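[1] structure of the sequence below:
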Amino acid sequence: MRVKTEAKRDAIVQVASEVFRELGFEGASMVEIAARVGGSRATLYGYFGSKEELFVAVIHGAAKSHFDPIFAALGQEGEDDLERVLQRFGEKVLAVVCSQEVIQAQRAVIAESGRTDIGRLFYEGGPKKGITELAGFLEQQMRMGRLRVADSQVAAQHLMALLQSETVTPSLLGIQGPLTRKQLGEATRRALQVFLGGYVSETGTAGRQ
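    Next up is the predicted model:
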């Protein structure tokens with residue numbers, strides 16, 4: 001029995017990302033990926049139980065390098081002006097999730113959701129973790145009296161939904177092209193006006209003028 005290694009897993013994900021990029025989710029096959037990796041399908045399935053699981057691993061691997069620094073910075077800015085912190089956070093997040101690569105990946109996930117468990121795998125390994133991290137930051141702000149006390153998980157979901165309403169949703173539907181940095185900044189500012197309008201505590205100002 002062969003021992004699984006992180007290096008082998010990373011090599012599979014790297015090759016798979018190239019195959020998915022070239023052929024798309026529908027056109028790619030585990031046979032093709034195994035052939036390019038230089039191993040058998042049995043070895044491939046030893047690391048990933050399905051093509052859907054491997055596709056999600058590719059998405060998460062690409063997103064991790066972008067999102068880890070964003071959330072790390074957010075966690076270190078708890079004492080700074082809240083509105084400015086969330087403005088920076090929102091712009092950085094939207095720059096990633098509105099990129100053509102991520103939009104295309106999300107379309108593929110949505111297309112397969114309902115037929116397989118790809119939607120659950122994608123959500124639990126990506127967006128759900130991001131919501132949890134954002135909720136932790138918002139809960140800290142609630143304890144500091146800047147935001148009213150509320151369910152921090154729900155608050156995080158509200159903020160992410162507001163950020164994506166003007167940006168990700170139209171992009172997924174193909175009714176708008178790539179957004180400029182200025183457009184992302186303006187969309188973030190409008191989302192924060194609504195979010196802070198509903199969540200700022202009566203005694204706190206959240207740094208708003």
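[2] packing partners of the helix ranked longest in the chain?
    Ranked by residue count under DSSP state H, the longest helix found in the chain is helix 51-75. The helices and strands touching helix 51-75, judged by 3 or more CB pairs under 8 Å, 6 or more residues apart in numbering; DSSP states H and E, are helix 6-27, helix 30-37, helix 82-97, helix 100-112, helix 118-125, helix 127-143. In short, each C-beta sits where N, CA and C put it, glycine included.
[3] which of the residues in it are buried?
    For helix 51-75, a neighbour-count test (16 or more other CB atoms under 10 Å) marks 51-60, 62-63, 67, 70-71, 74 as buried.
[4] leaving out sequence neighbours, find the closest residue to the residue nearest the centre of the chain.
    Centroid-nearest residue in the chain, with CA atoms, centre = their mean: Pro127, separated by 4.8 Å. Closest residue in space to Pro127, ignoring its immediate chain neighbours: Met160 at 7.8 Å, by CB to CB, 6 or more residues apart in numbering.
[5] residues near the one you found, how many?
    Using other CB atoms under 10 Å, Met160 has 20 neighbouring residues.
[6] what's the neighbour count on Gly145?
    By other CB under 10 Å, the residues close to Gly145 number 13.
[7] nope, Val15 is what I meant
    Val15 has 21 neighbouring residues, counting by other CB under 10 Å.
[8] endpoints of stretch 172-187, how far apart?
    Across stretch 172-187, the terminal residues are separated by 16 Å (CA to CA, to the nearest Å).
[9] any residues touching it, and which ones?
    Under the criterion CB atoms under 8 Å, 6 or more residues apart in numbering, residues 87, 91, 94-95, 98-100, 103, 106-107, 110, 163, 166-167, 170-171 lie in contact with stretch 172-187.
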